[in-house]
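>>> Next input, structure requested:
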Amino acid sequence: MSGKRRRVIRIVATLAPLLLVPLVGTPAAAQAKHSKESIVKAWKDRDDRTRSAHFSWTEKQTDTRGVISTFWKLFNPALKEIIPPNDTTYTNMRSLAFERDKLRHENSSFAWSTKTNRYEPMSYLSVFDGETCKVLDKYDKNAAKPWPQAVIREEKQHVDATVAVLQPILMTYRSMTAGMCAWNLEDFILSRQTAVINKKVCLELNRRLAFVKLETKLWVDPARDFVIVRILTLDDNVVTNKIDVEYDQNAEMVWVPKEWEVTFNNPKGNLERTYKSRVTEYSINPTGASPHFDIDFPLGTAVTNAKDNSRYIIRPDGSGKRMIPPSDIGATYEQALATDPGKAFPSQDSNAQSISWPTIGLIVTAVAVLYFFLKFAWNRKKGDNHESAKS
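As a prediction, this is how the structure comes out:
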C-alpha cells in the first residue's frame, strides 16, 4: 500500500467520528425516540389532569376585501355588493370555559349590517351541558334584525367544538375527550418528517382523506409535553387553514397557550381572514364556582327550539311567551308581537293558513338543521361563528 493511500485512510478514520456526531441530534433521530403511543399517553394524561379551565383573550380579526360577500353569494348568487369593500381589522373579546365535556363560549365582536352597510357590534354566546346546546346572538340596534335570536338543540357535542380559533385551547386540554375538539388523534399517523419551529424540533402527524384530497398536519413538541405548535389544513395541496401557537409554562409547570394566529385562505391559496389572539386571563382547575353552562334568554328573544319543534318570542314586557303556531310562520317579529297566536294574518283565510302539526314539525326541524349546517360550514371555513348569522 502506497504512503499516499495510507495517509488518506488515516484522515478518513480520524474524521469519521466527527462527521457522525451531529447526526445524533438531527430531527430524524429525535423522531425515532417517540411513538404515536407516547403522544397519546401525554395528551390523555393532560386531559385527565385538567378537569376544568377558563380562558379570556383579545383577538384582532382582519377580514379581507369581499370575504363576506363571497360566502353570501353561495346562497344569493345575485348579490352584487363587495363586503367588506376594504380590508377591515377590529378587536374581539372572547372567552372559553370548560368542565369535563361541558363548554361555554362567548364572543363580543362585530357583524356586517345590510341596514347600515357597515360593521355593527354584536355578541355571541353558546353553551353545552352534555346533552343540550344553546346559542344566543344579540345584535346592535342598527342591525337588520336587532332583536336577540336563540336556538335550542339536543346535541352530542358543543356546536363550537370544531371552531378553529378555539383549537389552541381545546387541542391542548381536551384533545382526547370525544366531541371536544376538531380532530381525533387516532386518525393521524406519526410521520417520518420533522420540522424546526421556533428553534424546537417538532414531530409531524398527518391525516389524509385521499378521496377528497384533504390533508391535516399537526406538529407537536416532545420537549413540551407534546403540545401542538402548528396545524395545517390542505385542500388539494393548497393551505386553506394554518394555526400557530406559542406557550408559556406556569408555576405548576403546565404548558399554557399564550398567543396564537389563525389564517384562512381560499381554494387558490389567497388570504381571506386572520385572527391574532393574546390571552389576558386564565385559570386551570379553579376552585371557585363552576361556569354557567346554560343561558337565560333575555326579554325579546326569538327562540327556535328544535328539541320540541316549537318557536316563540319571549315578550319584551315580561308577560310570557308569544308562541308561533303553524299559521303564523312567515310573520315578521313585529307582527307576531302585535297579535295573538294564530292571528298574525287576519286578512287571510284561516283555512288557507292551516298547516298540520307534523308539517310544521318538519319545517322547524329543517330550519334548525339548516341553521347548524350553515354554522358548521362557516366555522370550518372561517373559524368564527357569528358570520353565519350576520344580517
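>>> what secondary structure does residue 69 sit in?
helix (DSSP: H, G, I helix; E, B strand; the rest coil).
>>> Number of residues surrounding it?
Using other Cβ atoms under 10 Å, residue 69 is surrounded by 17 other residues. Quick note: C-beta positions are derived from backbone N, CA and C, even for glycine.
>>> Put the alpha carbons of stretch 194-203 into CSV.
Extracted in CSV, the C-alpha atoms of stretch 194-203 (Å, rounded to 0.1, in the frame of the first residue of the first chain):
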residue,chain,number,x,y,z
THR,A,194,-39.9,16.6,11.4
ALA,A,195,-39.7,20.4,11.4
VAL,A,196,-37.8,23.0,13.4
ILE,A,197,-40.4,25.5,14.6
ASN,A,198,-39.3,28.4,16.9
LYS,A,199,-36.0,26.6,17.3
LYS,A,200,-37.7,23.5,18.5
VAL,A,201,-37.5,20.1,16.8
CYS,A,202,-41.2,19.1,16.3
LEU,A,203,-42.8,15.8,15.3
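>>> where's it relative to the chain centroid, distance-wise?
A distance of 25 Å separates the centroid of the chain from that of stretch 194-203, by Cα atoms, centre = their mean, to the nearest Å.
>>> If we go by neighbour counts, what in that stretch is buried?
By neighbour count with 16 or more other Cβ atoms under 10 Å, stretch 194-203 contains the buried residues 194, 201, 202, 203.
>>> now stretch 78-86, how far from the chain's geometric center?
25 Å.
>>> Next, the buried residues of that stretch.
For stretch 78-86, the buried set under the neighbour-count rule, 16+ other Cβ under 10 Å, comprises 83, 84.
>>> outside of that stretch, which residues touch it?
63, 65, 66, 67, 68, 69, 72, 73, 112, 117, 119 (Cβ atoms under 8 Å, 6 or more residues apart in numbering).
>>> With just CA atoms, put it into PDB.
Provided in PDB are the C-alpha atoms of stretch 78-86 (Å, rounded to 0.1, in the frame of the first residue of the first chain):
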ATOM      1  CA  ALA A  78     -77.400  37.700  -7.500                       C
ATOM      2  CA  LEU A  79     -75.500  39.600  -4.800                       C
ATOM      3  CA  LYS A  80     -73.500  42.400  -6.400                       C
ATOM      4  CA  GLU A  81     -72.000  44.200  -3.400                       C
ATOM      5  CA  ILE A  82     -68.400  43.600  -2.300                       C
ATOM      6  CA  ILE A  83     -68.500  43.100   1.500                       C
ATOM      7  CA  PRO A  84     -66.500  44.500   3.100                       C
ATOM      8  CA  PRO A  85     -65.400  47.000   0.500                       C
ATOM      9  CA  ASN A  86     -61.900  47.200   2.000                       C
END
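>>> Distance of the closest residue to residue 179 other than its chain neighbours relative to residue 175?
When the adjacent residues along the chain are set aside, residue 179 lies closest to residue 157, with 3.1 Å between them (Cβ to Cβ, 6 or more residues apart in numbering). Taking Cβ to Cβ, to the nearest Å as the measure, residue 157 falls 14 Å from residue 175.
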